[in-house]
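Novice: sharing a model prediction with you, sequence too.
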Amino acid sequence: MASNSPATSDAATGDVPEPSWSSSVVKAMSGYHVLKMEGYAAGVKGLGVGKFIDSGSFDVGGQRWCIRYYPKRSPASPGDGDWISIYLNLCSTAAAIGDANASFTISFLDQDDDEHQPVAAYSRSCSSTVTFSSAATKAWGFPRFVERKTLEESPYLRDDSFVLRCDVTVFKETIIEPTAPTPLVAVPPPDMHRHLGSLLSGGHGADVTLQVGDETFAAHRCVLAARSPVFMAELFGPIATSRHNDRETIRVHDMEPRVFEAMLHFIYNDSLPKVDDDEVVAMAQHLLVAADRYGMERLKLMCEDTLCSHVDASTAATALTLAEQHHCEGLKDACFKFMADPDNLKVVMESDGYLHLTRSCSYVLKKLAT
């Protein structure tokens, strides 16, 4: 980080100079993708020289990438044909997003390792940052990644398959950000959500009970009304029921208690509760429906963003159905982009979610055919 602070002063008045500040920041964003390559022998024998196989695309640093595997690279020099080649390929178009400056490492993985840690002896890294460009060089990598004989004798080729991991770090353009000198008084960030969260967990002053299935939740009508126009109308509007001295009970239908509890957590904490990795997608789907039902746009967008980052062959059809039914244009675009690949679409069409999509939103499928 480089900083500049030119200052000026008024010699006649003796004023203390007021400095100006700026910071130069280079942002680096990292991620990795794991590719399992099955049918190694068939690829070596069946694919011609110079033919390649691409992995599914993945996003790092706002760019789309894929791993490119050559079972039999076109020999540039004697002996090259005995090696397999691995490259990192830029899928994004330069016109749409621009060039990408990145460094990367490609490694074999031990198929017994659930942590996806690279095998050091079978890892190759680029020696410096390289520029990927659709207008110039889209792919960089290693023409002699590993000799086929070495791979075939190693423990990392098993059941005619091997697993690769590609780590990518993308360096964004330098950003000039105005900064201010350190203030004399350090003001902490807003923490209202912490206090409201404590109010919910403690139940102090709760004046409404919500019955969801077999479970009940104590809450505060003013907080619910402030966060949701639907609760506002139900609790204080013309449709509000007559009030009693005892705590009022509101019944919530067609929602699982755990989903309502997550929505209640958001209402008080302005954040999503932590869930297990294998429940992230299902919870985001249910919460998106709940958020739309109760008019909570921020929660809806947070769920939509989560689902956009989890679009794959098993979720695309269900996500597209939700996107159409609840007017989520960003999620809809992410699904169409994924299914634009014929191979992806073929797998999606075999899923249960696709059958539901054809029945509930058949008109959406017309866009896939165009």
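Specialist: The structure has been received and is ready for your questions. Numbers count the residues shown, from 1 in each chain.
Novice: the residue lying closest to residue 353 once chain neighbours are set aside: which element?
Specialist: The shortest distance from residue 353 to any non-neighbouring residue, by C-beta to C-beta, 6 or more residues apart in numbering, is to residue 317 (3.4 Å). (Glycine included, C-beta is placed from N, CA and C.) In the assignment (DSSP states H and E), residue 317 maps to helix 316-325.
Novice: before we move on, the earlier item: residues contacting the residue nearest to residue 353?
Specialist: Contact analysis of residue 317 by C-beta atoms under 8 Å, 6 or more residues apart in numbering lists 348, 351, 353, 354, 356, 357.
Novice: in the helix or strand where residue 346 lies, which residues are buried?
Specialist: For residue 346, the host element (DSSP H and E) is helix 342-348. Within helix 342-348, the residues scored as buried using 16 or more other C-beta atoms under 10 Å are 344, 348.
Novice: using PDB, write out every CA atom in it.
Specialist: In PDB, the C-alpha atoms belonging to helix 342-348 read as follows (Å, rounded to 0.1, in the frame of the first residue of the first chain):
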ATOM      1  CA  PRO A 342     -25.700 -28.400 -23.600                       C
ATOM      2  CA  ASP A 343     -23.900 -30.800 -21.300                       C
ATOM      3  CA  ASN A 344     -25.200 -29.000 -18.200                       C
ATOM      4  CA  LEU A 345     -28.800 -28.900 -19.600                       C
ATOM      5  CA  LYS A 346     -28.700 -32.600 -20.400                       C
ATOM      6  CA  VAL A 347     -28.000 -33.400 -16.700                       C
ATOM      7  CA  VAL A 348     -30.500 -30.900 -15.400                       C
END
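Novice: okay, now the unreliable bits of the stretch 51-200 of the chain?
Specialist: 74-81, 93-98, 173-181 (pLDDT under 70).
Novice: what about the strands in it?
Specialist: Assigned by DSSP state E, counting those that start in this stretch, the strands in the stretch 51-200 of the chain fall at 53-54, 58-60, 63-70, 83-90, 100-109, 118-125, 130-132, 139-147, 161-171, 175-178.
Novice: which strands and helices sit next to the first one?
Specialist: The one in question is strand 53-54. Using 3 or more C-beta pairs under 8 Å, 6 or more residues apart in numbering; DSSP states H and E as the contact test, the elements touching strand 53-54 are strand 63-70.
Novice: now the angle from the strand it packs on to strand 100-109?
Specialist: 50 degrees (axes from the mean of the first three to the mean of the last three C-alpha atoms, to 10 degrees).
Novice: tell me the phi and psi of the residue nearest the centre of the chain?
Specialist: The geometric centre of the chain, computed from its C-alpha atoms, lies nearest to residue 309 (C-alpha atoms, centre = their mean), at 3.4 Å. Backbone torsions for residue 309, taken as degrees, to the nearest 10, come to phi -80, psi 0.
Novice: same check, this time on residue 112
Specialist: Residue torsions, per degrees, to the nearest 10, at residue 112 are phi -90, psi -10.
Novice: the nearest residue to the residue nearest to the centre of the chain once chain neighbours are set aside pairs with what?
Specialist: Sequence neighbours aside, residue 59 is the residue nearest to residue 309 in space, at 7.9 Å (criterion: C-beta to C-beta, 6+ apart). Under DSSP bridges, the beta-bridge partners of residue 59 are residue 64.
Novice: how close does residue 59 get to residue 32?
Specialist: From residue 59 across to residue 32, the span is 12 Å (C-beta to C-beta, to the nearest Å).
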